[in-house]
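Participant: Sequence and predicted structure are below.
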Amino acid sequence: TKPVRMVRLYSINVFFKLSKPIQKKASYELTSFGFFQRSSVREFMAFTSELLVERTQAGQRQAVKEQDYRCYVYVRSDYLSCVIIADLEYPSRVVFTLINKVLDQYSADFPQSSWEQPASDLSYPPLDSYLKKYQDPKEADPFMRVQNDLDDTKIVLHDTIDALMQRGEKLDDLVQKTDKLSGTSKAFYREAKGGSCCVIQ
């Protein structure tokens, strides 16, 4: 019998959305990627997460499929935001419940007056714990059954990141124009789009 591949969460990013989102905290689980790919994958996930926050209205939840991944974003009405990147099989209900937990925890740990300040350190142990604990949604589920409020929440689904863009915008163009990605990460993105890289081990 073939081994069952575990569904995965790859990253959790917290932002405060101003005219440009400010990345506040981040955690990544990239052991399924080759060692030399990890820094490019991390850079690209941070770039994509920021892009999603930028393109999401306050109070809106969105899920965006990009290749083999689904990116989930929620921008609260106070502009505190969270993006989680998971594989396609990870249950969206679990992700959005986790996003609420992350934002509630961050709000409790950091006063709102500090949210506009650039982060000097992106590490945040609660994110690492959540990323580890919620790798298996079945393990996480018993703790989440209490929250039924997401049933009535409208989640905007997009087939690709390009579908989220403004008219005429393409992810490929934004990747080439940005100074937030190294040349290596841009090359990594082009290879990934061609399907010749990013094999999950």
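Facilitator: All right, it came through fine.

Participant: Mind telling me what element the closest residue to residue 88 other than its chain neighbours is part of?
Facilitator: Nearest residue to residue 88 in three dimensions, chain neighbours excluded: residue 70, at 5.5 Å (C-beta to C-beta, 6 or more residues apart in numbering). C-betas here are computed from N, CA, C, even on glycine. Per DSSP states H and E: residue 70 is located in strand 69-75.

Participant: What helices and strands are in contact with that strand?
Facilitator: helix 38-54, strand 61-66, strand 80-87, helix 92-109 (3 or more C-beta pairs under 8 Å, 6 or more residues apart in numbering; DSSP states H and E).

Participant: quick check: angle from that strand to strand 80-87?
Facilitator: Orientation check (axes from the mean of the first three to the mean of the last three C-alpha atoms, to 10 degrees): strand 69-75 against strand 80-87 gives 170 degrees.

Participant: For strand 69-75, list the C-alpha coordinates in CSV.
Facilitator: The C-alpha coordinates for strand 69-75 follow below in CSV (Å, rounded to 0.1, in the frame of the first residue of the first chain):
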residue,chain,number,x,y,z
TYR,A,69,-1.3,25.3,-2.6
ARG,A,70,-4.2,27.2,-1.2
CYS,A,71,-3.6,30.6,0.5
TYR,A,72,-6.1,31.7,3.1
VAL,A,73,-6.3,35.4,4.2
TYR,A,74,-8.5,37.3,6.6
VAL,A,75,-8.2,41.0,7.2
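
Participant: now that strand and helix 38-54, what's the angle there?
Facilitator: Using the same axes, to 10 degrees: strand 69-75 against helix 38-54 is 40 degrees.

Participant: Any idea what the residue nearest to residue 88 is bridged to?
Facilitator: In this entry, residue 70 is beta-bridged to residue 65, residue 86, by DSSP bridges.

Participant: cool, the one 4 residues further on as well?
Facilitator: Here residue 74 sits in beta bridges with residue 61, residue 82, as judged by DSSP bridges.

Participant: what comes into contact with stretch 117-135?
Facilitator: With C-beta atoms under 8 Å, 6 or more residues apart in numbering as the test, stretch 117-135 has contacts from 6-9, 11-12, 14, 22-29, 94, 98, 101-102, 105-106, 109, 139-140.

Participant: tell me the mean pLDDT for the strand holding residue 70?
Facilitator: For strand 69-75, mean pLDDT is 94.

Participant: relative to strand 61-66, how tilted is it?
Facilitator: Counting by the same axes, to 10 degrees, strand 69-75 lies at 160 degrees to strand 61-66.

Participant: I would like the residues contacting strand 69-75, please.
Facilitator: Taking C-beta under 8 Å, 6+ apart as the rule, strand 69-75 contacts 10, 17, 48-49, 52-53, 56-65, 81-88, 90, 92, 95-96, 99-100, 103, 161.
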